[in-house]
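Undergrad: Predicted model and sequence follow; I will ask about them next.
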Amino acid sequence: MAPSTSPPRHWLFKTEPDAYSIDDLARALRQTTCWDGVRNYQARNFLRDDVQVGDRVLLYHSNCDPLAIVGTLRVVRAGYPDHTAFDPREQHYDPKSTPEAPIWQMVDVRLIQKFARPATRAMLLADPRLKAMAVLQRGSRLSIQPVTVDEWQIVHELAGATDR
DNA sequence: GCCAACGTTGGC
DNA sequence: GCCAACGTTGGC
């Protein structure tokens, strides 16, 4: 496959902080982790085909209080097989996925910054410029979502954070 | 706790 | 291939 020449892109990754939070990442070795456990084909396709090293990610805390974008990550390794699917002891074990024929993908991410003031869902919903943002749409379930440059910048503005 | 939205499964 | 049943996600 020919190397892509497109510029780094922007994404939003969801996580339930009870399972894995931005503070967990801040404490991790080199503030880096593999983003495992994605078990949705559309999200898998983004990880496999589109997420590139250097891409930046808004980290969203779901299923918690407060709901918020809590910081940013950088992709440091592109898609590769999610080996947690092979292990019956893992929560996201999938017997259909094997080392010989892996189904699920993960990427590695490193913390860029934890927002001192998270951009809460209420703040995001209140900004008319974010009307089309995927994570704010009713019924949005996709855990890996593309984000536009405008959305990326507006989120930083709302968080009072420097775009790094 | 409720429930709408969405994805997956499996009978036919 | 259709679609009903079921399970999960995730905001409220």
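TA: Cool, got the structure. Numbers count the residues shown, from 1 in each chain, chains lettered A, B, ... in the order given.
Undergrad: now for the longest strand along chain A, which elements pack on it?
TA: Ranked by residue count under DSSP state E, the longest strand found in chain A is strand A:105-120. Counting contacts by 3 or more Cβ pairs under 8 Å, 6 or more residues apart in numbering; DSSP states H and E, strand A:105-120 packs against helix A:22-27, strand A:32-34, helix A:41-49, strand A:56-61, strand A:68-81, helix A:149-159. Every residue, glycine included, has its C-beta placed from N, CA and C.
Undergrad: And the contacts of stretch A:83-93?
TA: Defining contact as Cβ atoms under 8 Å, 6 or more residues apart in numbering, one finds that stretch A:83-93 is touched by A:36-37, A:39, A:82, A:94-95, A:97-99, A:102-104, A:106.
Undergrad: need the residues of chain A near DNA strand B, please.
TA: A:Asn40, A:Tyr41, A:Gln42, A:Arg138, A:Gly139, A:Ser140, A:Arg141 (Cβ under 7 Å from any atom of the strand).
Undergrad: Check those residues and tell me the two furthest apart.
TA: A:Tyr41 and A:Arg138 (21.5 Å; Cβ to Cβ).
Undergrad: I'd assumed A:Thr15 was in contact with A:Ser62.
TA: Yes - using Cβ atoms under 8 Å, A:Ser62 is in contact with A:Thr15, at 7.0 Å.
Undergrad: which of those two has more neighbours?
TA: Shown here are A:Ser62 and A:Thr15; by other Cβ atoms under 10 Å, A:Thr15 has more neighbours (21 against 16).
Undergrad: Go through stretch A:151-164 and flag the buried ones.
TA: Within stretch A:151-164, the residues scored as buried using 16 or more other Cβ atoms under 10 Å are A:Glu151, A:Trp152, A:Ile154, A:Val155, A:His156, A:Leu158, A:Ala159, A:Ala161.
Undergrad: A:Cys64 reaches A:Thr15, doesn't it?
TA: No - between A:Cys64 and A:Thr15 there is no contact, the gap being 9.5 Å when judged by Cβ under 8 Å.
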